[in-house]
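[1] Just to be clear, the model below is a prediction. Sequence and coordinates:
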Amino acid sequence: MLSSQENDLRWMAEALSEAMRAEALDEVPVGAVVVFNGECIGRGHNTPIVSHDPTAHAEIEALRSAARAVGNYRLVGATVYATVEPCLMCMGALLHARVQRVVFGCYDSKFGAAGSLYDLSSDARLNHRIEVTSGIAEGECRELLQRFFQKKRGSSKGNSESENRGEEETEQ
Ligand code: ZN
């Protein structure tokens, strides 16, 4: 039987493989999976640029696929693994879905809403709390992002607009 940290690492590896799919599409490499009763019930990766959809973040895509799979818009008792700290929008969606727990890899100081900029996981004004575990496979999750932005900067010399975008945005 796996320890809880081994279990978290195992599912984070799945989220990382989703992040690599985003990278292959030239999207910011963020991936997520939804786990319920020891089973992966949904997965997703970042696709806002290719799908022309500002809401197409990994966590939202994973929630959509999980909710469809179980035929319920609420995912009570589910754990969501995301390679990067969820943003405001994604934390909002995770709260709506009533997920029990969020596990993420690296912090996002620009958009993070599970401890960095905001902490929506335990706001007393909201009617749901989410248990948060951070720093699982943090190095790998961050490395993927850094490599992506380094490559972007390298390939967009003289194009200050995309250079700025690469530096400023962590998740989109
Ligand atoms: Zn998000």
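    Structure's in. What do you need?
[2] now residue 140: how far from the ion?
    19 Å (C-beta to the ion, to the nearest Å). To be clear about C-beta, it is placed using only N, CA and C from the backbone, and glycine gets the same treatment.
[3] residues touching the nearest residue to residue 85 once chain neighbours are set aside, list them.
    Spatial nearest neighbour of residue 85, chain neighbours left out: residue 112 (3.8 Å); criterion: C-beta to C-beta, 6 or more residues apart in numbering. By C-beta atoms under 8 Å, 6 or more residues apart in numbering, the residues touching residue 112 are 84-87, 118.
[4] got JSON lines for the residues you listed, with secondary structure, neighbour count and distance to residue 146 too?
    Formatted as JSON lines, the contacts of residue 112 follow (DSSP: H, G, I helix; E, B strand; the rest coil; neighbours: other C-beta atoms under 10 Å; distance: C-beta to C-beta, whole Å):
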{"residue": "84", "secondary structure": "strand", "neighbour count": "32", "distance to residue 146": "12"}
{"residue": "85", "secondary structure": "coil", "neighbour count": "28", "distance to residue 146": "15"}
{"residue": "86", "secondary structure": "coil", "neighbour count": "31", "distance to residue 146": "19"}
{"residue": "87", "secondary structure": "strand", "neighbour count": "27", "distance to residue 146": "18"}
{"residue": "118", "secondary structure": "coil", "neighbour count": "14", "distance to residue 146": "24"}
